[in-house]
Structures are given as structure tokens and as C-alpha cells.
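S.K.: With the sequence up front, the predicted model follows.
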Amino acid sequence: MKAIWNGKVIAESDHTVTVEGNRYFPADAIKKEYFKPSPTHSFCPWKGTASYYTLDVDGKENPDAAWYYPDVKIAAKEIKGYVAFWKGVEVVG
């Protein structure tokens, strides 16, 4: 599977997990040079508090386009250490 935004592959892995229709990539599969920490957080009752990344590819930013759960709840343990995408990021594979 590949995650693509602004013409660049930003993550690639054969070991993704799908939860609620979102494809999660292992953290070591993301190309960190395209990810900047964001101050944004959100809460899911069964997964926990999500943190976000802003994508920065070739000078174009996509705020909060990737998220992950740093302290995932037990019910969602399969996505511990994984990152998911939205806001125009294409996931193919």
C-alpha cells in the first residue's frame, strides 16, 4: 500500500491495518521528511486521543492530514504505532 499526496509517496508498506475504513501505516513506513508535528488533537472514546501531522511536500502544506494515537486504548491496540491519512491523501495498493 502507498499513501500519496502532492505527487509524492509519503508512506509505503505491505503491513497496513484498516480500522473504520481508514488504512493505518506503520510509523516506520512514513517518509518523515514530509511530516511536521501539529498542535491539533481529537478524542475517540474507544481509540483514545489522536495527535496530528501537517504534511509538507515541495513547499505545499496539508494541515492535520495524518493522525496517530500515541497512547492508544486497549480496544484499538492493533493501531498502536500506526499513522492514518485523510484530506486528499490518496491510499492505493
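M.R.: Structure's in. What do you need?
S.K.: Quick one: low-confidence residue ranges for this structure.
M.R.: For the chain, applying pLDDT under 70 flags no range at all.
S.K.: the strands in this structure, which residues?
M.R.: Assigned by DSSP state E, the chain shows strands spanning 2-5, 8-12, 17-19, 22-26, 35-44, 48-57, 60-68, 82-85, 90-92.
S.K.: Including mean neighbour count and distance to Ala75, could those strands go into a markdown table?
M.R.: (Glycine included, C-beta is placed from N, CA and C.) Below are the strands of the chain laid out as a markdown table (neighbours: other C-beta atoms under 10 Å; distance: least, C-beta to C-beta, whole Å):
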| stretch | mean neighbour count | distance to Ala75 |
| --- | --- | --- |
| strand 2-5 | 20 | 24 |
| strand 8-12 | 19 | 24 |
| strand 17-19 | 14 | 10 |
| strand 22-26 | 21 | 15 |
| strand 35-44 | 13 | 10 |
| strand 48-57 | 19 | 9 |
| strand 60-68 | 18 | 16 |
| strand 82-85 | 25 | 15 |
| strand 90-92 | 13 | 23 |
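S.K.: mind putting these in JSON lines, distance to Ala76 included?
M.R.: Shown next, in JSON lines, are those (distance: least, C-beta to C-beta, whole Å):
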{"stretch": "strand 2-5", "distance to Ala76": "20"}
{"stretch": "strand 8-12", "distance to Ala76": "19"}
{"stretch": "strand 17-19", "distance to Ala76": "7"}
{"stretch": "strand 22-26", "distance to Ala76": "10"}
{"stretch": "strand 35-44", "distance to Ala76": "8"}
{"stretch": "strand 48-57", "distance to Ala76": "7"}
{"stretch": "strand 60-68", "distance to Ala76": "11"}
{"stretch": "strand 82-85", "distance to Ala76": "10"}
{"stretch": "strand 90-92", "distance to Ala76": "19"}
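S.K.: Cheers, nothing more for now.
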